[in-house]
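[1] predicted structure and sequence below. I'll ask about it afterward.
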Amino acid sequence: MSRHRNIRNLDEEDYYDDYDYDDEDEYYLEQQREKERKAKIEAERKAKANQAKQLQQKPKQVKAPQQQQTNQQTKANPQKLGVVGGGNKGISIAVPATSTKNTSQVQSHVNTSHSQTKSIHSSSNNNNNNGNPPQIPANILAKLRSLHTTPSNTNTPTLRSHLSLVILGHVDAGKSTLTGRLLLSLHHVSPRLLQKYQRESATIGKSSFALAWFTDEDEAERERGVTVDVGTKFIRTDRYDFTVLDAPGHRDFVPNMISGAAGADCGLLVVAATTGEFEAGFAVANGGGGNETGTGHVGGQTREHIILSRGLGVSQLIVAVNKLDAADPPWEEGRFEHIKSQVLAFLLENGFKEKRILFVPVSGLTGVNVSNEKRKENEEEGWKLLKQWYKGPTLIEALNAFVPAKREFEKPLRLIITDVSSEGKAVTVRGRIVQGFLRAGDGVTVLPVGDDASVSRVERGKATKESDSPYSSVGNSGNGQATTADIDLNDIPELQNCALAGDTVECALSGVDAARVSPGCVICHPHQSLRPRIQRKFEARVMVMEHLAVPIIRGSQVLFHMHSIDVPAVLNRLMTAKKRGEANARSNPRVLTGGVEATVEITLSERLVLEEYSECKALGRFVLRRGGDTIAVGLIEKVHDT
Ligand SMILES: Nc1nc2c(ncn2[C@@H]2O[C@H](COP(=O)(O)OP(=O)(O)OP(=O)(O)O)[C@@H](O)[C@H]2O)c(=O)[nH]1
């Protein structure tokens, strides 16, 4: 198993056309509802049967008045009377309070049973090594839900919720520069630090990359002027705390881009408007000749990033039409509209919804139309030209217009680790909680290794001043700007020292060997029923890239990518296939050609943490690549127990 570094990569191509993810989500939700409905009917049936049984037995259970009185006393003072467990869920154990000879025996019963009872009831207990997921208290959950649904345009306090934003786009489109500009405009970094970077970057002949240095922190990245790994930053706008994932644009680093997009709720696609740059980034693969890798030759990464991000679950997008200051002529409406019409058509073909896309003209380098602040202070030429035809939002206003993501707080915990560090015996992991919740003090298991650990600290990642740790959980609320969203998760006392689905977190683990924890591991609560499965074989629905030159056959060897992991895999069964738009699928196809939707069985070279998409979206989505080219994206439908 490899955890992404520099692997040669990628092609592009539209392979998704009218693939409707919302319908797909609805399909899975419907299945889930059906499962729940059946479970409910079954539970009701069992309850009725039990009730009937009890009614039949009741006459035999008439108690003597003396015994009834004893039972009441028992409830009031269980220990005194040798009754333990509080009587809930049928686990009370009545221990006769008899002779002193038996006291120690009784006491040991008491202790054991108490701990059993406590853990079974412990919705608020951290020792959760049992069948019940630790629950967020109902009142907090209700509050979270109500805050999440409060409309943004009312004067009622709203929750500043958290979104993960991946920055996408072709190499050199200006992603890191624009991210640096956002950090500067939102006061997360100081103009002084920018001056320092300007001086230092000039000494190595890279002065135009000074803003990019806020995210490209690696020396090699700075020297080459190319992003290699995903840079993580935090920004705070009026309405949201964003984890910003600055993905690399170069085709060699697509696996890193996949791990960034896999952890994102929304995207900022940066498209360079300069002559030739847009065209190169948006070029179509030739689709004809193919190469030894099995796909046609690759086009620009704009298309590829659109396809991959949608396939990995990104559903809302801002398209920043960047570098309009350097377009010919600069800040021209026609160029903006031309780019918009082309990119929009491709986005719609690939499953994005028009109401979830915003196009914003900007210049990351000069700051024009990034924030209003710049507009006031700087009535420069760019602003004047832009204002003649553009009345829409600035980039920061557009970020505020995202809709909050749905969070699955009540599902079992899944924390996907993206980074591990250790000092002595202390192990620190960073990652994203994709569902459930986690508290300091919780016992957890790290998968697939299966080692138990306990969580001594949990800190939610959030926007801070540059001198502060982005993970500091109390006190500092970031840039100090007035905000309309004025309730922070950290303001809710019950949520201190814990983190929820959607949060980027840092946790300190104890009792685990750092050498056995790595990016791509998944943290869950320990009980067997709360763990995902670790398997090799599964059935999946895949969408094959449109311009696949060499078809996929049974036995094809591919590279399976899921969040930050990739492993070799074989497509060992082709079960059904149909062209998009066709009503009926063919069974047992001999080959899968470009643009088909198919169900297949895949066997991985090693066991991984896998879940059906209907159970956990983040662990049920994957990408298949071959020879450095993306050939399909897919959803796990059924994990086999093998
Ligand atoms: N004129 C102009 N140049 C820009 C703008 N934004 C970025 N650039 C320049 O474009 C070059 C690449 O910028 P980066 O921010 O490193 O691009 P990137 O998309 O992050 O690059 P990778 O991550 O390596 O794919 C640098 O020389 C920037 O100064 C802009 O708005 N206008």
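    Looks like it arrived, so ask away. Residues are numbered from 1 along each chain as shown.
[2] where exactly do the helices run in this structure?
    Secondary structure of the chain (DSSP state H): helices at 21-57, 65-76, 103-121, 138-149, 175-185, 191-203, 219-224, 254-262, 277-281, 301-311, 333-349, 372-377, 381-387, 395-400.
[3] ranking these by mean pLDDT, which is last?
    Averaged per stretch, pLDDT over these is lowest on helix 103-121, reaching a mean of 30.
[4] which one is residue 572 nearest to, not counting chain neighbours?
    The shortest distance from residue 572 to any non-neighbouring residue, by CB to CB, 6 or more residues apart in numbering, is to residue 603 (5.1 Å). Backbone N, C-alpha and C define where each C-beta goes, glycine included.
[5] neighbours of that neighbour, just the number please.
    Residues near residue 603, counting by other CB atoms under 10 Å, number 17.
[6] then residue 510?
    The number of residues packed near residue 510 is 12, by other CB under 10 Å.
[7] read off the pLDDT value for it.
    If you check residue 510, the pLDDT there is 92.
[8] from the ligand, how far out is it?
    Taking CB to the nearest ligand atom, to the nearest Å as the measure, residue 510 falls 37 Å from the ligand.
[9] cool, and residue 591?
    When distance is defined by CB to the nearest ligand atom, residue 591 is 35 Å away from the ligand.
[10] residue contacts, the residue nearest to that residue when sequence neighbours are not counted?
    Of all residues not flanking residue 591 in the chain, residue 551 sits nearest, at 4.1 Å (CB to CB, 6+ apart). Contact partners of residue 551, counting by CB atoms under 8 Å, 6 or more residues apart in numbering, are 591-594.
[11] type out the PyMOL command that picks the buried ones from those.
    PyMOL command restricting the contacts of residue 551 to the buried ones, with burial defined by 16 or more other CB atoms under 10 Å:
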select buried, resi 592+593+594
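[12] rank the contacts of residue 551 by pLDDT and give me only the lowest.
    Ranked by pLDDT, the contacts of residue 551 bottom out at residue 594 (87).
[13] in this structure it contacts residue 550, no?
    No. Counting by CB atoms under 8 Å, residue 594 stays clear of residue 550, with 9.8 Å between them.
[14] interface residues of the chain facing the ligand?
    Applying CB under 6 Å from any ligand atom, we find that the chain lies next to the ligand at 169, 171-177, 208-209, 212, 225-227, 248-250, 322-323, 325-326, 363-365.
[15] any of these buried? List them.
    Of the residues of the chain next to the ligand, these count as buried by 16+ other CB under 10 Å: 169, 171-177, 209, 212, 225-227, 248-250, 322-323, 325-326, 363-365.
[16] narrow these to those in strands?
    Cross-referencing those against strands under DSSP state E gives residue 322.
[17] picking that back up, what separation do you get for the residue nearest to residue 572 and the ligand?
    35 Å.
[18] tell me the contacts of that residue?
    Residue 603 makes contact with 536-537, 569-570, 572 under the criterion CB under 8 Å, 6+ apart.
[19] pick the one among the residues you listed closest to the ligand.
    residue 569 (28.2 Å; CB to the nearest ligand atom).
[20] report how many residues lie close to residue 230.
    Residue 230 has 24 neighbouring residues, counting by other CB under 10 Å.
[21] next, the buried residues of stretch 634-642.
    634-637, 639.
[22] pLDDT weak spots in the stretch 151-300 of the chain?
    Residue ranges of the stretch 151-300 of the chain with pLDDT under 70: 151-159, 221, 227, 249, 285-299.
[23] at 80 what do you get?
    Along the stretch 151-300 of the chain, segments meeting pLDDT under 80 span 151-161, 216-231, 249-253, 263, 284-299.
[24] hmm, back to that, so which two of the contacts of residue 551 are the farthest from each other?
    The largest separation in those, counting by CB to CB, is between 591 and 594 at 10.6 Å.
[25] one step back: and of the contacts of residue 603, the nearest to residue 333?
    Closest to residue 333, out of all of the contacts of residue 603 and judged by CB to CB, is residue 569, at 47.9 Å.
[26] residues touching that closest one, list them.
    With CB under 8 Å, 6+ apart, residue 569 has these contacts: 557-560, 602-605, 624.
[27] redo that, cut-off 10 Å
    Shown in contact with residue 569 (CB atoms under 10 Å, 6 or more residues apart in numbering): 536-538, 556-561, 602-606, 608, 622, 624.
[28] quickly list what the residue nearest to residue 572 is bridged to.
    residue 537, residue 570 (DSSP bridges).
[29] now the residue of the stretch 401-550 of the chain found nearest the ligand: closest residue in space that isn't a chain neighbour?
    Of all residues in the stretch 401-550 of the chain, the one sitting closest to the ligand is residue 418 (18.3 Å; CB to the nearest ligand atom). Using CB to CB, 6+ apart and skipping residues adjacent in sequence, the residue nearest residue 418 is residue 431, 4.8 Å away.
[30] of all the contacts of residue 603, which comes closest to residue 279?
    residue 569 (35.3 Å).
[31] separation between that closest one and residue 608?
    10 Å (CB to CB, to the nearest Å).
[32] quickly list what's touching both of these two.
    536, 538, 560, 622.
[33] so the second one makes contact with residue 607?
    If I follow you right, that is residue 538. No. Judged on CB atoms under 10 Å, residue 538 makes no contact with residue 607 at a distance of 11.2 Å.
[34] between the two, point out the one with more neighbours.
    residue 538 (25 against 16).
[35] and the gap between the nearest residue to the more buried one once chain neighbours are set aside and residue 608?
    Among residues not flanking residue 538 along the chain, residue 639 sits closest, at 4.6 Å (CB to CB, 6+ apart). Taking CB to CB as the measure, residue 639 falls 10 Å from residue 608.
[36] again, but for residue 229
    On the measure of CB to CB, residue 229 and residue 608 end up 22 Å apart.
[37] then residue 405?
    Distance from residue 405 to residue 608, by CB to CB: 25 Å.
[38] quick one: which of these two has more around it?
    Here residue 405 and residue 608 are set side by side on neighbour count (other CB under 10 Å), and the busier one is residue 608, at 24 against 18.
[39] check contacts around the more buried one.
    1, 447-448, 520, 522, 532-536, 538, 560, 562, 565, 567, 569, 619, 622.
[40] show me which of these are buried.
    447-448, 520, 522, 532-536, 538, 560, 562, 565, 567, 569, 619, 622.
[41] which ones among those residues lie within strands?
    447, 522, 533-536, 538, 560, 562, 565, 567, 569, 622.
[42] and residue 516, how many residues sit next to it?
    Around residue 516 there are 14 other residues, counting by other CB under 10 Å.
[43] I meant residue 329, not that one.
    With other CB under 10 Å as criterion, residue 329 counts 9.
[44] quick one: it and residue 336 touch, right?
    No. Residue 329 is beyond contact range of residue 336, at 11.7 Å (criterion: CB under 10 Å).
[45] thinking again about what came up before, got any residues that touch both of residue 639 and residue 608?
    Shared contacts of residue 639 and residue 608, counting by CB under 10 Å, 6+ apart, come down to 532-536, 538, 619.
[46] list just the nearest of these to residue 49.
    Nearest to residue 49 among the shared contacts of residue 639 and residue 608: residue 533, at 31.6 Å, using CB to CB.
[47] what residues are up against that closest one?
    Contacts of residue 533 (CB under 10 Å, 6+ apart): 447-448, 607-612, 615, 619, 639-641.
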